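> Return a 3D structure for these sequence lines:
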Amino acid sequence: MKTPIIGIVAGGSGVGKTTVLMGIIIELKKRGLQVAVLKHGQHFTMAQGKDSSRFLEAGADSALIATPRGWQMTSLRDGDSNFNTMIGMLDRQNPDIILVEGYKHGLHPKIEILRAAVSSELFTPQAELLAIISDVKGKFAVPCLPLDDAVAQCDFIIKYLEEMKND
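Numbers count the residues shown, from 1 in each chain. Next up, the predicted model:
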């Protein structure tokens, strides 16, 4: 079975995607779920001087560092990372859910964050959204969850996961 995926998206930066996602992760973990996250960004940083960065600086294309607590892989490739490849890597870890920050043009189910201080317009057509997380008052075609309530956001996601299991 493929792991359910939910994207947390917004029209631009500064909306608080990471903050909202952190709250959701904390609440899902409190409820005993295994959570994987894929973040789409423009760059990442490596700890300078550590073995993994030294291997990559020496020319390795990928470095996998394994410890008793887990593992971390860094791979340097030209171009953007393929969404399906990244999801496949996370799916092999058998999480209960994969949360995605970014990849706003993908076909996966999404929840959009709409913050009044940044914009009053949705980026994604409502027909493509599961819900909206917002402090904007208005009528929406999908559920609108409070911006500062990770419990309510998590409740919505849990309900969505249960509905998916029953389909």
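> From now on I want contacts and neighbour counts done on CA atoms only, so please keep to that.
Fine.
> got the residue ranges for the strands in this protein?
Along the chain, the segments classed as strands by DSSP state E run 5-9, 35-39, 62-67, 70-75, 97-101, 110-114, 129-134, 144-146.
> which secondary structure elements does the top helix by length along the chain contact?
Ordering each helix of the chain by length in residues (DSSP state H) puts helix 150-166 first. Helices and strands touching helix 150-166, as assessed by 3 or more C-alpha pairs under 8 Å, 6 or more residues apart in numbering; DSSP states H and E, comprise helix 17-30, strand 144-146.
> Which of these sits closest to L90?
Taking C-alpha to C-alpha, helix 17-30 is the member of the helices and strands packed on helix 150-166 nearest to L90, at 15.4 Å.
> Can I get the helices and strands packed on helix 150-166 in CSV including mean pLDDT and mean neighbour count?
Converted to CSV, those look like this (pLDDT from 0 to 100; neighbours: other C-alpha atoms under 10 Å):
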stretch, mean pLDDT, mean neighbour count
helix 17-30, 96, 16
strand 144-146, 96, 19
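> I8: which of the ones you listed is closest?
It is, among those and with distance given as C-alpha to C-alpha, helix 17-30, at 6.6 Å.
> What is that closest one packed up against?
strand 5-9, strand 35-39, strand 97-101, helix 150-166.
> In CSV, list the C-alpha atoms belonging to it.
This file holds the C-alpha atoms of helix 17-30, laid out as CSV (Å, rounded to 0.1, in the frame of the first residue of the first chain):
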residue,chain,number,x,y,z
LYS,A,17,4.6,26.6,6.4
THR,A,18,7.4,25.2,8.5
THR,A,19,5.9,26.4,11.7
VAL,A,20,2.5,24.9,10.9
LEU,A,21,4.1,21.7,9.8
MET,A,22,6.1,21.4,13.0
GLY,A,23,2.9,21.7,15.0
ILE,A,24,1.2,19.0,13.0
ILE,A,25,4.2,16.7,13.3
ILE,A,26,4.3,17.1,17.1
GLU,A,27,0.5,16.3,17.3
LEU,A,28,0.7,13.3,15.0
LYS,A,29,3.6,11.9,17.0
LYS,A,30,1.7,12.4,20.2
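> Contacts made by that helix with the rest, please.
For helix 17-30, the external contacting residues (C-alpha atoms under 8 Å, 6 or more residues apart in numbering) are 8-10, 34-35, 101, 113, 147-148, 150-151, 153-154.
> picking up where we left off before, and the helices and strands packed on helix 150-166: which comes nearest I65?
helix 17-30 (24.3 Å).
> if we can go back for a sec, so which bits of the longest helix of the chain are buried?
150, 152-154, 156-158, 161 (16 or more other C-alpha atoms under 10 Å).
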